[in-house]
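>>> Turn this into a structure:
(2 chains)
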Amino acid sequence: MLRARRAVADRQVGPGPGVARDGHDADDPRTWDADTAVTVLYAAHWRRLVALAAEFTGETSTAEEVVQEAFVALHRRWRRLDDRASAVAYLRQAVVNGARDVLRHRAVADRRRPLPDPAPEGPEERAVRSAEHRLVLAALDGLPARQREVLVLRYSADLSEQDIAETLGISRGAVKTHAHRGLAALRAGLTRQEGTP
Amino acid sequence: MSDRPDPDDPAPAGPLPDPDTDPTARALRDALAARADAVQPTERLQEIRMSTNASRRSTRAWAAVATAAAVVVVGGSAFALTRGDGAVRTVASASTGTTQQGTTSPSPAQDATTGAPAEGTTGATTPPEAASTSDPGTPAAGTGQALPAGSATVPVYWLGGDPQLLFREYVPAGDAADDATNALRAVLGGQPSDPDYASPWGPDASATVTAGEDRLVVDIAASAASGDAKAGDVTAAVQQLVYTVTAAAGEDVPVEIRVDGRSEPLVFGYALPETVSRAPQADVQAPAWITSVDTGTPGQVVVEGVGSAFEGTLLYTVTDASGAEVTRGPAQAGANGTFAEFSVTIPLPAGEYTVLVERPDESGGEAGAQPAGDTKSFTVR
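Numbers count the residues shown, from 1 in each chain, chains lettered A, B, ... in the order given. This is a model prediction of the structure:
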């Protein structure tokens, strides 16, 4: 019985960028085959994409599944991808779509729930323990889904208005409106909190 | 989707607030960054490969592209060396452009070795070609998958401190057919770059690693595992070997150690079970490794490494040539048994220094055996 093999990949890049043995240029996505693309993009973006997906799904394990699917989809599509230089945008779009699919399948009541309680002294608690961060994130998690999505894509994934519009399939005007409404709600929430003894 | 705003949207507002000027946007950006930093996903590259490889049998393609990316996985938790959007270039410069790493410039000749293993060096070595065609009937060695090959440097674990814990360096690969065999020979050769590291193993230039069905098989000569050692040190030494070959092979599978061809051998006078697996990282790995000390910018040093501590906070201490403490501070790594990268930039006037990174003593001096920190010496221009 084959035991599940876990990647150890305790490995290091050899001679640095340049043309590798199998003829691809490590810096030029146009020369990559699908396997290389997945490997390189995984190394650079896996963690960040999981974090992005987790903003949508509320927890990490579903987020990992969503991002894994996005990489598999990228691999499948690689030869037909028009603009390989924008592979990251493709991944991000697939992640957002996948995460929203997950949410659609969840009960509406669940949709806006905050992140589950982290394990005691977990890294998450460590990072989120700052009181201000907690306030902001709680307010964010209470916003309508579309506002929250726009704010996450703008202020976490650092996308432009145009990219957010394309990712979510809405107009740039709608992106602005959702962002301003969301921020206004956060601002009001934070001010109210600060005024409370 | 529609190009028009949602029906209930008013006219478009101005541009999105810039976090550098809008306090709410800044607070939101910082809070989101903190939450994203806290996400420690497990590695799924293997699963992705399995999905994308479903129609293909060979794993050789992956061995060939393995050098294209620098995913450093330490046991169960994994960290891409790459930060931000800087893809492979960042990794390469970070790992080869700095001092004190135990890595020397890779030789271009190493690049040509994949697919053309040096036949005849050892009969037991399985060339990648042979390994990809399954060979039913023969036991263990030779029936498994091809081992990765062609890396310019390979990971090697050394022992340090008391109790002995594992430290990792990358060393130039030798001329064996695969990375795991190169790493094994390097660990047996016992030449760590850091004088604080050591290895009880004796040299064996013809030792081999082969991939079995469900394990890696290590073949070494009895002379490499002779001599006396305490039981605890033997356990550490066996883990040193197991961590090294599994790291270089890129797979966390049990390791069968054979001495002079015999299974369940005596190693330093102690009997081994048929296979040994990686012990939990938190049990055997040193709490802090310094993997890079970069003095490329005058007036400062950038110390990078991997570590784990309570709440993730390691302590660094810089001393000058006379041994006097110059400065100290925290370095944020992994918490609760997870290992994560740390990086600190320390401004220093020109001079010679030693930096120590260690897990702070939480016991208030009660417990005797504080795990060893890692030290490196460097010169600031």
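
>>> looking at this, residue B:301 is in a strand?
Yes: applying DSSP: H, G, I helix; E, B strand; the rest coil, one finds residue B:301 inside a strand.

>>> How much space separates it from residue B:17?
38 Å (C-beta to C-beta, to the nearest Å). Every residue, glycine included, has its C-beta placed from N, CA and C.

>>> Same question for residue A:180.
Counting by C-beta to C-beta, the gap from residue A:180 to residue B:17 is 8 Å.

>>> Not counting sequence-adjacent ones, nearest residue to residue A:78?
In space, residue A:78 comes closest to residue A:34 once its chain neighbours are excluded; the distance is 3.7 Å by C-beta to C-beta, 6 or more residues apart in numbering or on different chains.

>>> Give me the pLDDT for that neighbour.
Per-residue confidence (pLDDT) for residue A:34: 87.

>>> and it, how many residues sit next to it?
Residue A:34 sits with 16 neighbouring residues when counted by other C-beta atoms under 10 Å in any protein chain shown.

>>> Residue B:177 now?
27.

>>> swap in residue B:49?
By the criterion of other C-beta under 10 Å, residue B:49 has 21 neighbours.

>>> cool, residue B:302 as well?
Residues near residue B:302, counting by other C-beta under 10 Å, number 16.

>>> Surely it is in contact with residue B:294?
Yes: Residue B:302 is within contact range of residue B:294, at 4.3 Å (criterion: C-beta atoms under 8 Å).

>>> what about stretch B:317-324, average pLDDT?
For stretch B:317-324, mean pLDDT is 93.

>>> Render the CA-only coordinates of stretch B:230-243 in CSV, please.
This file holds the C-alpha atoms of stretch B:230-243, laid out as CSV (Å, rounded to 0.1, in the frame of the first residue of the first chain):
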residue,chain,number,x,y,z
LYS,B,230,25.2,8.0,23.4
ALA,B,231,21.7,6.7,22.5
GLY,B,232,20.3,10.2,22.3
ASP,B,233,23.0,11.2,19.9
VAL,B,234,22.3,8.2,17.8
THR,B,235,18.7,9.1,17.5
ALA,B,236,19.7,12.6,16.5
ALA,B,237,22.2,11.2,14.0
VAL,B,238,19.6,8.9,12.4
GLN,B,239,17.2,11.8,12.1
GLN,B,240,20.0,13.9,10.6
LEU,B,241,20.3,11.3,7.8
VAL,B,242,16.6,10.8,7.4
TYR,B,243,15.9,14.6,7.2
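
>>> Identify each buried residue in that stretch, please.
Applying a neighbour-count criterion of 16 or more other C-beta atoms under 10 Å in any protein chain shown, one finds B:233, B:234, B:235, B:236, B:237, B:238, B:239, B:240, B:241, B:242, B:243 buried in stretch B:230-243.

>>> if we take those, which one ends up nearest to chain A?
Chain A lies nearest to residue B:243 out of the buried residues of stretch B:230-243, by C-beta to the nearest C-beta, at 8.2 Å.

>>> and that closest one, helix, strand or coil?
Under three-state DSSP, residue B:243 falls in the helix class.

>>> who are the neighbours in contact with it?
Taking C-beta atoms under 8 Å, 6 or more residues apart in numbering or on different chains, we find residue B:243 in contact with B:157, B:166, B:168, B:278, B:284.

>>> out of these, which touch chain A?
Among the contacts of residue B:243, proximity to chain A is found for residue B:168 (C-beta under 8 Å from any C-beta of the partner chain).

>>> how about the contacts of residue B:243, which pair is most distant?
Greatest spacing in the contacts of residue B:243, by C-beta to C-beta: B:168 and B:278 (12.9 Å).

>>> Dig out what residue B:218 forms beta bridges with.
Under DSSP bridges, the beta-bridge partners of residue B:218 are residue B:209, residue B:257.

>>> Quick one: residues contacting it.
The neighbourhood of residue B:218, defined by C-beta under 8 Å, 6+ apart, consists of B:184, B:207, B:208, B:209, B:241, B:245, B:255, B:256, B:257, B:258.

>>> Low-confidence stretches in the chain?
By default, I'm working from chain A. A:1-27, A:104-130, A:192-197 (pLDDT under 70).

>>> my bad, chain B
For chain B, the ranges with pLDDT under 70 are B:1-13, B:54-145, B:362-369.

>>> Swap in 80 and give it another go.
By pLDDT under 80, the weakly predicted segments of chain B are B:1-14, B:38, B:52-145, B:227-232, B:336-337, B:361-370.

>>> Got the domain ranges for it?
Residue ranges for the domains of chain B, per automatic domain parsing: B:46-283, B:286-380.

>>> Would you format the buried residues of stretch B:230-243 as CSV with secondary structure and distance to residue A:30 included?
What follows is the buried residues of stretch B:230-243, written out as CSV (DSSP: H, G, I helix; E, B strand; the rest coil; distance: C-beta to C-beta, whole Å):
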residue, secondary structure, distance to residue A:30
B:233, helix, 53
B:234, helix, 52
B:235, helix, 50
B:236, helix, 48
B:237, helix, 48
B:238, helix, 47
B:239, helix, 44
B:240, helix, 43
B:241, helix, 42
B:242, helix, 41
B:243, helix, 38
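
>>> which of the residues you listed lies closest to residue A:61?
Of all the buried residues of stretch B:230-243, residue A:61 sits closest to residue B:243, with 27.1 Å by C-beta to C-beta.

>>> quick one, helices of the chain?
Picking chain A for this. Assigned by DSSP state H, chain A shows helices spanning A:34-57, A:60-77, A:87-104, A:108-111, A:123-128, A:131-141, A:145-155, A:161-168, A:172-195.

>>> right idea, wrong chain: chain B
In chain B, the helices defined using DSSP H lie at B:23-38, B:45-52, B:60-65, B:88-96, B:128-132, B:179-189, B:231-249, B:281-284.

>>> okay, the ones you listed, which one's buried deepest?
Mean neighbour count (mean count of other C-beta atoms under 10 Å in any protein chain shown) peaks for helix B:179-189 among the helices of chain B, with a mean of 27.

>>> Can you report how many residues neighbour the nearest residue to residue B:220 once chain neighbours are set aside?
Using C-beta to C-beta, 6+ apart and skipping residues adjacent in sequence, the residue nearest residue B:220 is residue B:207, 4.5 Å away. By other C-beta under 10 Å, the residues close to residue B:207 number 23.

>>> tell me the contacts of residue B:207?
Listed by C-beta under 8 Å, 6+ apart, the contact partners of residue B:207 are B:181, B:184, B:185, B:188, B:218, B:219, B:220, B:221, B:224.

>>> Backbone dihedrals for residue B:20, both of them.
Main-chain torsions, residue B:20, degrees, to the nearest 10: phi -80, psi -20.

>>> From residue A:172, how far off is it?
Distance, residue B:20 to residue A:172, by C-beta to C-beta: 21 Å.

>>> Compare neighbour counts for the two and give me the winner.
Neighbour count, other C-beta under 10 Å: between residue B:20 and residue A:172, residue A:172 has more, with 16 against 8.
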